[in-house]
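[1] Could you look at this predicted model? Sequence included:
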Amino acid sequence: MTRWVDVTVPLHESLAVWPGNPCFNIRPHRVVGSDSLTNDSIITMDVHTGTHVEGLLHIESGAQEPSNWPADALIIDVTVAYAPNVQVIGPELIPELPKKSQGILFKTSNSDRNLWDE
């Protein structure tokens, strides 16, 4: 049986971001009862906030945007590489992948934090 693991981290205002990038922010835009029929919010964030996909467009001009990928492209068999107490993930930490593996997830010291409840 296939084991499914959701590795996404919820967005919140204190979520870490790359230095110099804007923090995640959500604020009310419309409120029911104050001349609006709906509650609506405005979200401001960098595309690298929280759990995200790095497509080639990040480093290659004209590459396909991840938003154009089919959804099933993000459901893959992965190898988990353990990298505790590592500040920078470099090529020396990338393991040889089994044939069935299509990607790598790095389990870092952040994996031990309870990011889902912060």
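    Happy to help now that I have it. Numbers count the residues shown, from 1 in each chain.

[2] residue farthest from the centroid of the protein?
    Distance from the C-alpha centroid of the chain peaks at residue 35, with 36.1 Å (C-alpha atoms, centre = their mean).

[3] Who are the contact partners of the residue nearest to residue 65 when sequence neighbours are not counted?
    Leaving aside its sequence neighbours, residue 65 sits nearest to residue 57 (C-beta to C-beta, 6 or more residues apart in numbering; 5.3 Å). Glycine gets a C-beta too; all of them are placed from N, C-alpha and C. Listed by C-beta atoms under 8 Å, 6 or more residues apart in numbering, the contact partners of residue 57 are 63-66.

[4] Tell me how far the residue farthest from the centre of the chain lies from residue 18.
    38 Å (C-beta to C-beta, to the nearest Å).

[5] State the number of residues packed around residue 14.
    Close neighbours of residue 14, defined as other C-beta atoms under 10 Å, add up to 7.

[6] Could you do the one 3 residues further on as well?
    Per other C-beta under 10 Å, the neighbour tally for residue 17 reads 14.

[7] Could you do residue 46 as well?
    By other C-beta under 10 Å, the residues close to residue 46 number 14.

[8] For residue 18, see how far away it is.
    Taken as C-beta to C-beta, the span from residue 46 to residue 18 is 7 Å.

[9] any chance you could read off phi and psi for residue 109?
    phi -60, psi -20 (degrees, to the nearest 10).
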